[in-house]
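> how would this look folded up:
(one chain, ligands or ions: 2)
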Amino acid sequence: MTAPAGGGFTMPRPGAGGSEQAVSAEDDPPVPLADDAVLDVDEVRRESDVDAVLERLDAELVGLVPVKTRIREIAALLLVDRMRTRFGLSSSRPALHMSFTGSPGTGKTTVALRMAELLRGLGYLRRGHLVSVTRDDLVGQYIGHTAPKTKEVLKRAMGGVLFIDEAYYLYKEDNERDYGAESVEILLQIMENQRDDLVVILAGYKDRMDDFFRSNPGMSSRIAHHIDFPDYTVEELAAIAGLIAAEHEYVLPEDTVRVLRDYLDKRMRQPRFANARSVRNAIERARLRQANRLVSEPGASVTKQQLQTLEPADFLASRVFTDPPEEADAEG
Ligand SMILES: Nc1ncnc2c1ncn2[C@@H]1O[C@H](COP(=O)(O)OP(=O)(O)OP(=O)(O)O)[C@@H](O)[C@H]1O
Ligand SMILES: [Mg+2]
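Ligands and ions are numbered 1, 2, ... in the order given. Model prediction:
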């Protein structure tokens, strides 16, 4: 086989049958643009999916302004990197491991999915899928089980995003013989050595994550972006309710929205409130009550509009309105 001119860096993989075709013109470094060339930024944007992803992020996610701002900055950085490469400037890829901190239901998992799409659109990740795990997926119960488990997960995540929820459970400060430390060791190595093929996102509550980083400076120093997800306001939660309802082809009339705001205002003071997740659950409950309301009357008939509409009563029947706060600790 003949080595492509100037492409001497690419070693054909042993055992990869028919590898002659695999070494193609793609492996030749592209000829850099002239020093006085001018690049059209809009065109470079269009070549990637960046705008489509950013628009969806804006349209489908309520609030989260600081989060969206940071994502735009990361997108800009990667676009600039892309353009630098065209001029033959050094294109050392920025490290993009991140931590997402915030209360339950503030959109961390959803944003991680979007981030994966964005990084694929910008050519940073080759696959752009998300592998979401917790301690149990990484750490074994017995000696010798942790390394294979962690490596298996890393293998699945390569080319995409590894999302580790409640990452602080990986490390137990008061237990030196915990197998979690072994998993952290392997993660640290891969985060350093294979950062061009994997983005790790650690997620969890802010205060616990801060403790985790204090006990694991190695981990902390490998995280390029710490992004904090604020709790939603009642207005934002109501807007999220509108989006979730629309997603299922339900309608929330004005008077229902008023009751819903009241519901949210009470619910957010109760235990186990989980921001947007609680909104989703509230809509599910309301759908149950609506269904019950529509079919329970003997000889009832319904219109399309009735089938789509969640009435104030569908929320007012919630225990949130009747039980004292300390007892109404379940979604309902
Ligand atoms: N800003 C938002 N706009 C619209 N929907 C949202 C928003 N944030 C979250 N949601 C919706 O709320 C639900 C919970 O969000 P998600 O699972 O991303 O939260 P999380 O922070 O990962 O929660 P947890 O910590 O419990 O895992 C999802 O169904 C998501 O679609
Ligand atoms: Mg989540």
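
> Near ligand 1, which residues of the stretch 1-150 of the chain are found?
Those residues of the stretch 1-150 of the chain that sit near ligand 1, judged by Cβ under 6 Å from any ligand atom, are Leu61, Val62, Gly63, Leu64, Gly102, Pro104, Gly105, Thr106, Gly107, Lys108, Thr109, Thr110. The C-beta positions use only the backbone N, C-alpha and C, and glycine is treated the same way.

> 8 Å - rerun?
Within reach of ligand 1 by Cβ under 8 Å from any ligand atom, the stretch 1-150 of the chain has these residues: 60-64, 100, 102-112.

> What are the boundaries of the strands in the protein?
For the chain, applying DSSP state E gives strands covering 98-102, 130-133, 161-165, 199-204, 225-229.

> Which secondary structure elements does the last one sit against?
This means strand 225-229. Contact here means 3 or more Cβ pairs under 8 Å, 6 or more residues apart in numbering; DSSP states H and E; on that basis strand 225-229 packs against helix 65-86, strand 98-102.

> What residues are bridge-paired with Phe100?
Going by DSSP bridges, Phe100 is paired in beta bridges with Ala203, Ile227.

> mind listing the helices for the stretch 1-150 of the chain?
Applying DSSP state H, counting those that start in this stretch to the stretch 1-150 of the chain gives helices spanning 19-22, 41-47, 50-60, 65-86, 108-121, 135-138, 146-157.

> Now these in a markdown table, please, with extra columns for mean pLDDT and distance to Leu252.
What follows is the helices of the stretch 1-150 of the chain, written out as a markdown table (pLDDT from 0 to 100; distance: least, Cβ to Cβ, whole Å):
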| stretch | mean pLDDT | distance to Leu252 |
| --- | --- | --- |
| helix 19-22 | 42 | 55 |
| helix 41-47 | 88 | 36 |
| helix 50-60 | 88 | 17 |
| helix 65-86 | 91 | 24 |
| helix 108-121 | 93 | 21 |
| helix 135-138 | 96 | 38 |
| helix 146-157 | 97 | 38 |
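
> and these, which is most packed in?
The highest average neighbour count among those, using mean count of other Cβ atoms under 10 Å, belongs to helix 108-121 at a mean of 21.

> how about stretch 89-109: buried residues?
95-103, 105-109 (16 or more other Cβ atoms under 10 Å).

> what's the farthest-apart pair in the residues you listed?
Ala95 and Gly105 (28.5 Å; Cβ to Cβ).

> For the closest residue to ligand 1 within the stretch 151-300 of the chain, the count of nearby residues, please.
Closest to ligand 1 within the stretch 151-300 of the chain is Ala276: 3.1 Å, counting by Cβ to the nearest ligand atom. With neighbours defined by other Cβ atoms under 10 Å, the count for Ala276 comes to 22.
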